[in-house]
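Novice: Here's my sequence, what's the structure:
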Amino acid sequence: MPVSHKVIGRLLVGALLWAACGPEEPSEPVPTPEYTKAPTADYAVGRGRKAAPAVRFVDVTEEAGLKFRHETGARGDKWMPETMGSGGALFDYNGDGWLDVLLVNSQGWRGEQAPGKLYRNRGNGTFADATAEAGLGFSVYGMGATIADYDADGDPDIYLTTLGPNLLLRNDAGRFVDVAQQAGVAGAVWRDDAGHENPEWSTGAAWVDVDGDGWLDLLVTNYVRWSPSTDIYTTLDGKGKSYATPQQYPGSTPRLYRNLGAGGFLEITADAGLLLPEGKSMGVAMTDFEGDGRIDLVVTNDTQPNFLLQNLGGGRFAERGLAAGIGYDETGRARAGMGVDIASVANDGVLSIAIGNFSREALSLYRQAGGEVFVDAAGRARLMQATLRPLTFGLRFFDYDLDGYQDLILANGHIEPEINSTQKEIEYQQAPQLFWNDGAGRMIEVSEQTGGLFRKPLVARGLAVGDIDGDGDLDVLLTTNGGPAYLLRNEGPTGRAVALDLTGKAPNRDAIGAQVTAQIGAPEQVFMVRTGSSYLSHSPTTLTVGLGAAEQIDRLAIRWPDGTAEVVENVAAGARYEIAQGAGVVGETAFVR
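Specialist: Predicted coordinates:
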């Protein structure tokens, strides 16, 4: 695919128009909010503030046997997709109780092969390359993955987003077969000015039952309408080509596919109210903001206002992002939204949306003010100063120290290798960040004291969390652009924990959308079984409940996806429990010590 320079007349000179996913700088200076300034000495001392625990994340990639390197296809043309991939997934593909690792890859522009990888967890700290035996030795320009049992046959299936036709990889007893075309979920195409058809560029995706019929539907987010023939020449220094901004390309609507229950899907984007061509979407997260039993969605957009998709019932949505307060920052600008996650940060039942943004933009932390109205609480949480310089792609809430509060991890890395030549305070490689929730409304950065990979500059993209070794705490899978993937093992000391695997009634056997409230003494922790979140990545649907020093969950209330309720009492710490709808606890496995 030779580079087309017919658009050379649109040469855009200047540092403001180089980034693949960076916003244009405002023409007028914007006042700096007070909370972006460094904390005062009084605050830094923090009267009565708890100390963060000494937890280490050990890089076990090599000893685990994960020999992988992401390819971008780059050969000097600086084509936009080269900066974006890729993601990964933690899931149990063969049902043996251990989390396996899926890593997405991107083939070369001339068809050079670069298969993704599937690594089977042996259960002893090492992984075996199962790519070929699982039927995954093909090569595509991959982006991300989301995983669920869409056909209700008892094993997890993979939906793979790409720059090209997407793949629906049906799991047939541990071997995957692509059925996207016959299922009707391969994606749409668009025509350029010359009349050539081009595939949509799909990024995030989530399995979710949008209409309450029990079958898992599929929401796919799409980025911009880019192709090699429409590539725009931009420059950082007036001499060499650099990556263009998304403002220079038309957006592309998300796509919603209804599961018809017989292996096929029907696209219902327009009928569902989701025809949103202004979207330049990167990530998607799901929750129930109003407690009405209907799953709402948050979709991040790059340099366009983010979407909050309110579920009206019957498979219809209303886009409420601007009204909800998540479309713009406090200065009235749309940020470059990347990864996204949702959690109850203060254990008060109030939900918060975290969104990773571009460098020179801070992380967004939108706290629910009532229903589907939000205020940005990143400043109050003291996240602004620490996140102004990094460019954050993947992010995830997780209780890494099992004290009962959701902490936050960020995967950072720029998209322009030469950024430091024009923005001296910004680096291409950027270290991941870890923030500890102190339980009093603040996120305290502990990256330096955690050490290891949190001190290593990377070009990170995807991020997933899950318990890879069965010991009850949460480990981390992190992917990089044009580099290796990393597997980080969580080594405490930590609090006690309970892990929960929910099985719903068919066809929603994964219980996607189930809400769980865990009461430990007076506080309550709220969770949802879900897919999506982070950036191009999938974390397992197992729920990990940190108990701190407590010995049990006193009361576990489950609202199943069909609205029925169930209560399990006195769930002892130290084990993983299988809970089946209508049957209570049907299995228990003690954590590995």
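
Novice: which SSE is residue 386 in?
Specialist: helix 384-387 (DSSP states H and E).

Novice: Could you identify the helix or strand that succeeds that helix?
Specialist: For helix 384-387, the following helix or strand on the C-terminal side (DSSP H and E) is strand 392-398.

Novice: on contacts alone, who are the packing partners of that next one?
Specialist: strand 340-343, strand 352-355, strand 407-412, strand 460-466 (3 or more Cβ pairs under 8 Å, 6 or more residues apart in numbering; DSSP states H and E). Quick note: C-beta positions are derived from backbone N, CA and C, even for glycine.

Novice: Okay, angle between the longest one and strand 392-398 too, please.
Specialist: Put plainly, it is strand 460-466. Here strand 460-466 runs at an angle of 10 degrees relative to strand 392-398 (axes from the mean of the first three to the mean of the last three Cα atoms, to 10 degrees).

Novice: Just the buried positions in the helix or strand following strand 460-466, please.
Specialist: The helix or strand immediately downstream of strand 460-466 is strand 475-480, counting by DSSP H and E. Buried residues in strand 475-480, defined by neighbour count with 16 or more other Cβ atoms under 10 Å: 475, 476, 477, 478, 479, 480.

Novice: Sheet partners, orientation included, of strand 475-480?
Specialist: Applying DSSP bridges, strand 475-480 is found paired with strand 460-466 (antiparallel), strand 486-491 (antiparallel).

Novice: Surely residue 366 and residue 328 touch.
Specialist: No: the pair residue 366 / residue 328 is not scored as a contact, 11.2 Å apart, by Cβ atoms under 8 Å.

Novice: In the chain, what helix or strand scores lowest on average pLDDT?
Specialist: helix 41-45 (a mean of 29; mean pLDDT, DSSP states H and E).

Novice: Following that helix in sequence, what is the next regular element?
Specialist: The C-terminal neighbour of helix 41-45 among helices and strands, as given by DSSP H and E, is strand 56-59.

Novice: May I have that next one exported as CSV, CA atoms only?
Specialist: Written as CSV, here are the backbone C-alpha positions of strand 56-59 (Å, rounded to 0.1, in the frame of the first residue of the first chain):
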residue,chain,number,x,y,z
ARG,A,56,5.4,-4.9,45.3
PHE,A,57,4.5,-5.9,41.7
VAL,A,58,7.1,-8.3,40.4
ASP,A,59,7.8,-8.6,36.7
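
Novice: Toward the C-terminus, what is the element adjacent to it?
Specialist: helix 61-64.

Novice: Which strands or helices does the helix holding residue 386 pack on?
Specialist: strand 433-437.

Novice: now for the strand it packs on, which elements pack on it?
Specialist: Going by 3+ Cβ pairs under 8 Å, 6+ apart, strand 433-437 lies up against helix 384-387, strand 407-412, strand 443-445, helix 447-450.

Novice: Go ahead and produce CSV holding the CA coordinates of the first one.
Specialist: Which is helix 384-387. The C-alpha coordinates for helix 384-387 follow below in CSV (Å, rounded to 0.1, in the frame of the first residue of the first chain):
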residue,chain,number,x,y,z
MET,A,384,-4.5,16.4,38.7
GLN,A,385,-0.9,17.3,39.3
ALA,A,386,0.3,13.7,39.0
THR,A,387,-1.5,13.0,35.7
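
Novice: Just the buried residues of that helix, please?
Specialist: 384, 385, 386, 387.

Novice: Using JSON lines, lay out those together with pLDDT and distance to residue 471.
Specialist: Output for the buried residues of helix 384-387, formatted as JSON lines (pLDDT from 0 to 100; distance: Cβ to Cβ, whole Å):
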{"residue": "384", "pLDDT": "95", "distance to residue 471": "35"}
{"residue": "385", "pLDDT": "95", "distance to residue 471": "34"}
{"residue": "386", "pLDDT": "97", "distance to residue 471": "29"}
{"residue": "387", "pLDDT": "97", "distance to residue 471": "30"}
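
Novice: residue contacts, residue 146?
Specialist: Counting by Cβ atoms under 8 Å, 6 or more residues apart in numbering, residue 146 makes contact with 89, 158, 159, 204, 205, 206, 207, 531, 532, 538.

Novice: State the helix or strand in which the fifth one lies.
Specialist: It refers to residue 205. With DSSP H and E as the criterion, residue 205 is inside strand 202-208.

Novice: need the helices for the stretch 51-200 of the chain, in chain order.
Specialist: Using DSSP state H, counting those that start in this stretch, the helices of the stretch 51-200 of the chain run over 61-64, 180-183.

Novice: can you redo those as CSV with mean pLDDT and distance to residue 508?
Specialist: Shown next, in CSV, are the helices of the stretch 51-200 of the chain (pLDDT from 0 to 100; distance: least, Cβ to Cβ, whole Å):
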stretch, mean pLDDT, distance to residue 508
helix 61-64, 98, 33
helix 180-183, 98, 18
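
Novice: Need these in CSV (columns: mean neighbour count and distance to residue 238).
Specialist: Shown next, in CSV, are the helices of the stretch 51-200 of the chain (neighbours: other Cβ atoms under 10 Å; distance: least, Cβ to Cβ, whole Å):
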stretch, mean neighbour count, distance to residue 238
helix 61-64, 16, 40
helix 180-183, 16, 43
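
Novice: TSV for the ones you listed, including distance to residue 403?
Specialist: Formatted as TSV, the helices of the stretch 51-200 of the chain follow (distance: least, Cβ to Cβ, whole Å):
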stretch	distance to residue 403
helix 61-64	27
helix 180-183	42
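
Novice: The ones you listed: which one's closest to residue 484?
Specialist: Distance to residue 484, taken as Cβ to Cβ, is lowest for helix 61-64 among the helices of the stretch 51-200 of the chain, at 6.8 Å.

Novice: who does that closest one touch, helix- and strand-wise?
Specialist: strand 486-491.

Novice: what sits against the closest residue to residue 524 other than its chain neighbours?
Specialist: Of all residues not flanking residue 524 in the chain, residue 517 sits nearest, at 5.5 Å (Cβ to Cβ, 6 or more residues apart in numbering). Residue 517 makes contact with 524, 525, 526, 527, 556, 557 under the criterion Cβ under 8 Å, 6+ apart.

Novice: switch the cut-off to 10 Å
Specialist: Contact analysis of residue 517 by Cβ atoms under 10 Å, 6 or more residues apart in numbering lists 344, 349, 524-527, 553, 555-559, 567.

Novice: does it have beta-bridge partners, and which?
Specialist: Where residue 517 sits in a bridge, its partners, by DSSP bridges, are residue 526, residue 557.

Novice: change the start of the numbering to 44 and stick with it
Specialist: Right, with 44 as the first residue, what we last looked at is residue 560.

Novice: Let me see the confidence value for it.
Specialist: You'll see residue 560 listed with a pLDDT of 98.

Novice: ok, now residue 289?
Specialist: On the pLDDT scale, residue 289 gets 88.

Novice: how far away is the residue nearest the centre of the chain from residue 229?
Specialist: The chain has residue 577 as the residue nearest its centroid, 1.4 Å off, counting by Cα atoms, centre = their mean. Distance, residue 577 to residue 229, by Cβ to Cβ, to the nearest Å: 24 Å.

Novice: still on that earlier bit, compare residue 409 and residue 371 and say which one has the larger neighbour count.
Specialist: Shown here are residue 409 and residue 371; by other Cβ atoms under 10 Å, residue 409 has more neighbours (23 against 15).

Novice: ok, for that one, nearest residue in space, not its chain neighbours?
Specialist: Spatial nearest neighbour of residue 409, chain neighbours left out: residue 417 (3.9 Å); criterion: Cβ to Cβ, 6+ apart.

Novice: Same question for stretch 290-304: list its buried residues.
Specialist: Of all the residues in stretch 290-304, those buried under the rule 16+ other Cβ under 10 Å are 290, 291, 292, 294, 295, 296, 297, 298, 299, 300, 301, 302.
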